[in-house]
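[1] Here is my input, please return the structure:
(3 chains)
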Amino acid sequence: SSPVVGHLQNKDGVTFTPFGRLQIDAGVVNGPDSIDDPGLGFAKEIRRARVGFKGDIPGGFGYQMELEFASGDLEVMDAYLRYSAGDTTYKIGQHNNFQSLEELTSSRFTSFMERAAFTDAFDFERKVGISVSREKGDLLMEGGFFSDNLDNLQLDENNSWSVDARTAYAPKVGNAQLHIGGSVHYREFNDASDTTRYRQRPELHITDTRFMDTGKFLADSELGYGLESAAILGRFHFEGEAYWQHVDRPGALANPTFFGGSAEMGLFLTKGDKRGYKGFKFDRVKPAHPLGEGGFGAVQANLRYDYLDLNEGTIQGGIQNAYAASLIWTPTEYTRLMLEYSHMEYDDMPILAGTKSDYGVDSIGMRAQVDF
Amino acid sequence: SSPVVGHLQNKDGVTFTPFGRLQIDAGVVNGPDSIDDPGLGFAKEIRRARVGFKGDIPGGFGYQMELEFASGDLEVMDAYLRYSAGDTTYKIGQHNNFQSLEELTSSRFTSFMERAAFTDAFDFERKVGISVSREKGDLLMEGGFFSDNLDNLQLDENNSWSVDARTAYAPKVGNAQLHIGGSVHYREFNDASDTTRYRQRPELHITDTRFMDTGKFLADSELGYGLESAAILGRFHFEGEAYWQHVDRPGALANPTFFGGSAEMGLFLTKGDKRGYKGFKFDRVKPAHPLGEGGFGAVQANLRYDYLDLNEGTIQGGIQNAYAASLIWTPTEYTRLMLEYSHMEYDDMPILAGTKSDYGVDSIGMRAQVDF
Amino acid sequence: SSPVVGHLQNKDGVTFTPFGRLQIDAGVVNGPDSIDDPGLGFAKEIRRARVGFKGDIPGGFGYQMELEFASGDLEVMDAYLRYSAGDTTYKIGQHNNFQSLEELTSSRFTSFMERAAFTDAFDFERKVGISVSREKGDLLMEGGFFSDNLDNLQLDENNSWSVDARTAYAPKVGNAQLHIGGSVHYREFNDASDTTRYRQRPELHITDTRFMDTGKFLADSELGYGLESAAILGRFHFEGEAYWQHVDRPGALANPTFFGGSAEMGLFLTKGDKRGYKGFKFDRVKPAHPLGEGGFGAVQANLRYDYLDLNEGTIQGGIQNAYAASLIWTPTEYTRLMLEYSHMEYDDMPILAGTKSDYGVDSIGMRAQVDF
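    Next comes the predicted model:
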């Protein structure tokens, strides 16, 4: 039989390692009957279908490309080159800037089908830029200068830019893995149009209806602050985040500050299992007793409170208090099934239910996932 | 020299196997002179340019992704994850539903450049869904619940769904491989628009002109039945299929039943060669005497009668009686050259040739193909 | 530890070798103040993000696919199959036709961030076609019949075609590698519209502003002639090209001949380094003393004169005299950093600076590159 080989390597030592993921979602989103929207109710989608390629290049260099085609069209996720020297890594190209533990944790490893509401609402996404990251023991410091994402950069009139920085401290205290961190983000929109928009789906991605939506509004710049905290103690974990997004608007227009935050905790029902943690982010769960090796895999129950306030002054994007519970079955390291229920309390919403701007929405979702 | 390795495998046993195909077509489609269409005459195209990735995940799981870019844009073919237990395989994601032996046989291994007319005419294509397939000895039973293909699912208002089932029995009788089967398909369009359309090209894909075309018409649901038969006896093979597509239309509108069917037979002119058959589908031809190993490869001649009736009541999509002959040279297992001629007798057509709705169309096509 | 494996190979001997590149650009383009264009000034982009797959198929066959996603959308570069017998190689599918040493040299190995102006201006690009190439010692002869590129072929009304041929002679004389060659290209546009357009960016790709631009004009066919010369002598290299593009226009319209040409020379400042040359094209630089192995890599300085004349009769596309200098640092074989400055003298331009059609434009660009 042929030997086990994890990656290709050319004669000069350049390596090539493929990787990917597949997430298939289905679920139901139920709003008030008075909201007539065929995008609600039962829906299903391929949430993510990705393949990527990464490798090392002798001399301390490396590359990573990741492509997404779940929408039927191509979307470029990562496309960067890397240089590492000691504890320091430099990246140039499209990669994540440094906002939020939840955002930076791979979607393969989050506790709910979608990340906390503030992450997408405040437009966290990969951008083309240059950055430096330094990991020294339990301490991380990283920062970079970014422009926009690749799609938006096709307009060469796009002159937006941002600076981003993040720090995290992640000591092991006894058996506990702790994590505290903070990030700051400043962006000038600097465009012909100079507008922005914050909005969010109801905890599932299968619908395109965003109950929460500020609409487009004039803006010069945004300044964001984030706080991160997390702990893993055996089968238990906790994660809490808060994020303030302050917007500077032209002339005499008032400058709003929007806010989002979330707190989640989870418990593995199966003995010996715990959340993975690596590189100042949550990582893969490796079941102590996988399916197919005499075990059943790992089962985890999670609760989350997810708050988002997009209301301020004349801008009415809505306020969300969402309560969610999820059950995750991880039969083996590279497979995962999720079931979750969310109840959203919405207040002062831009979409009215009849004449009411306050109402509740419920969603139930399921996901099947593999990665490689 | 380095060892031969067919796939990558990470330390946890997850494998990665790439695969792909390239098909380059050229040809001529000649209609009556009175039809003035610059899309006819000589044309050429890259028919398929695909790369895919599949693999196994410990615990009985697996994945498959296949991407097509022959149109210059990305199209997602397969994107599913798989779980196998004993004789049973479950799939979730985008994959083929279970219509027609001809449709399910890979385009790398069909006897003509394009499949029998009814397959595309009746919209057979991969869809996002969940299915189960059970192979036990000579017997296959499979069924699933499907929504729509990935492109159409981008509209979250798309609520179409279908159930599909297929069975096949494939005994070996002496030296002969036999195949009989049947399938049933029921689909609710269930959309804002609730229309459908059946149409087909003139046996080649190089032109975008569809002489046969019902146009869009109002429809609630479709119910299809298919019958499959095939036999391989040494150098000879036969394949025959029939398919009825019944459409339910709203209110007092008449409910038409369209019909298509084809019968083909082929003979290898080279000794020792025969069509491959595997997994209740036709499979790869492995020349007994490949080019480059002292032989010339395999040469096969095929004949096909291909009938399609898209006329019923007020819907005039045309009737096709097509007669085709093909010559396939398979120099080696992974290479193929095809030459084919078709004559189509068209009756009651929606596109008129002058004042006549009955006329003939001829086409000559060539294909060069490799796969890996 | 697992063995080093450069490619996958299935049990029948079909191989699979991935390859790719990443180029990240930033820079400044400064025109006269009287030209108010937000696409000028500072800009940045991912210039190329590519991954490809190539392999051999037993019997002398092979395939190559290369995909580009730097624009955020997919673009198909190569998509061809190949057959080799002795010194002769046949290709069918999308591949480069045979215009210009500069065009055929990989963008990973050119001396400036963008190729000489005439190459893009005259629309050199990969096309779907069939070709034969014969290399015998120092002599190359190649020719082919082409249609259009894959994107344009989606319109089946596109009936354009071209014939292309190129020859090159590349003797080693003492320590010097010499190269002389010539190419001829004839294309019938043969389309519904029958127009063409020649235009070019100001030496960098980060802006979409083309100062030089003939606009669309009626044309039946184009006939191009190119001359190529190059020499590598130790650390020094020279490259000179000239290209005439003659256009036949319908009826009484005058038939213009446009012209472009460039001359560059370069010198490695580091001992023992020289430009690579292989297959009648420039090839990879392999630093004598790479970074990370006790050396600093290779450093090369280059100068270029780049002329383009798109003015003739009533067609005023502008005249460019561009002077450029570049500095290339090649830390290791697969990594590269470029810095370049260009000054363009523009005359009789279609874009006016105030009332003046003659003015200068300056650009400074940087590139970070890896390939694998």
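
[2] contacts and neighbour counts: CA atoms only from here.
    OK.

[3] near chain B, anything from stretch A:63-70?
    Yes - remark: stretch A:63-70 sits within contact range of chain B at A:Phe69, A:Ala70, by C-alpha under 8 Å from any C-alpha of the partner chain.

[4] following the least confident helix or strand in chain A by mean pLDDT, which helix or strand comes up?
    Every helix and strand in chain A was compared by mean pLDDT, DSSP states H and E; the lowest is strand A:195-196, with a mean of 92. Counting by DSSP states H and E, the element after strand A:195-196 in chain order, helix or strand, is strand A:199-200.

[5] Can you give me every residue that contacts A:Phe280?
    Each residue near A:Phe280 by C-alpha atoms under 8 Å, 6 or more residues apart in numbering or on different chains is listed here: A:Leu101, A:Leu140, A:Ala168, A:Ala170, A:His179.

[6] Considering those residues, which possesses the most neighbours?
    When neighbours are counted by other C-alpha atoms under 10 Å in any protein chain shown, A:Leu101 leads those with 27 neighbours.

[7] List the residues that contact it.
    Shown in contact with A:Leu101 (C-alpha under 8 Å, 6+ apart): A:Glu228, A:Glu241, A:Phe280, A:Lys281.

[8] what does A:Ser326 give?
    Neighbouring residues of A:Ser326 by C-alpha under 8 Å, 6+ apart: A:Ser111, A:Phe112, A:Ala301, A:Asn302, A:Leu303, A:Met338, A:Leu339, A:Glu340, A:Tyr341.

[9] Run through the bridge partners of the fourth one.
    Beta-bridge partners for A:Asn302, by DSSP bridges, are A:Gly266, A:Ser326.

[10] ok, the least confident helix or strand of chain A: who's next to it in the sheet?
    Paired strands of strand A:195-196, defined by DSSP bridges, are strand A:217-218 (antiparallel).

[11] where does the stretch 1-150 of chain A come near chain B, residue by residue?
    So the stretch 1-150 of chain A meets chain B at A:2-8, A:18, A:22, A:24, A:38-40, A:42-43, A:45-46, A:49, A:69-74 (C-alpha under 8 Å from any C-alpha).

[12] re earlier: reformat the contacts of A:Leu101 as JSON lines; add secondary structure and pLDDT.
    Converted to JSON lines, these look like this (DSSP: H, G, I helix; E, B strand; the rest coil; pLDDT from 0 to 100):
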{"residue": "A:Glu228", "secondary structure": "strand", "pLDDT": "98"}
{"residue": "A:Glu241", "secondary structure": "strand", "pLDDT": "98"}
{"residue": "A:Phe280", "secondary structure": "coil", "pLDDT": "97"}
{"residue": "A:Lys281", "secondary structure": "strand", "pLDDT": "97"}
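
[13] roughly how far apart are the residue nearest in space to the middle of chain A and A:Ile46?
    Centroid check for chain A by C-alpha atoms, centre = their mean gives A:Glu103 as the closest residue, at 3.0 Å. Distance of A:Glu103 to A:Ile46, computed by C-alpha to C-alpha, to the nearest Å: 20 Å.

[14] Could you give the number of residues near whichever residue of the stretch 101-250 of chain A sits closest to chain B?
    Nearest residue of the stretch 101-250 of chain A to chain B: A:Thr207, at 5.9 Å (C-alpha to the nearest C-alpha). The tally of other residues near A:Thr207 (other C-alpha under 10 Å) stands at 25.

[15] Could you do A:Gln99 as well?
    A count of nearby residues for A:Gln99, using other C-alpha under 10 Å, gives 24.

[16] list the contacts for the closest residue to A:Leu223 other than its chain neighbours?
    Nearest non-adjacent residue to A:Leu223, counting by C-alpha to C-alpha, 6 or more residues apart in numbering or on different chains: A:Tyr186, 4.5 Å away. For A:Tyr186, the contacting residues are A:Ser162, A:Val163, A:Asp164, A:Ser221, A:Glu222, A:Leu223, A:Gly224, by C-alpha under 8 Å, 6+ apart.
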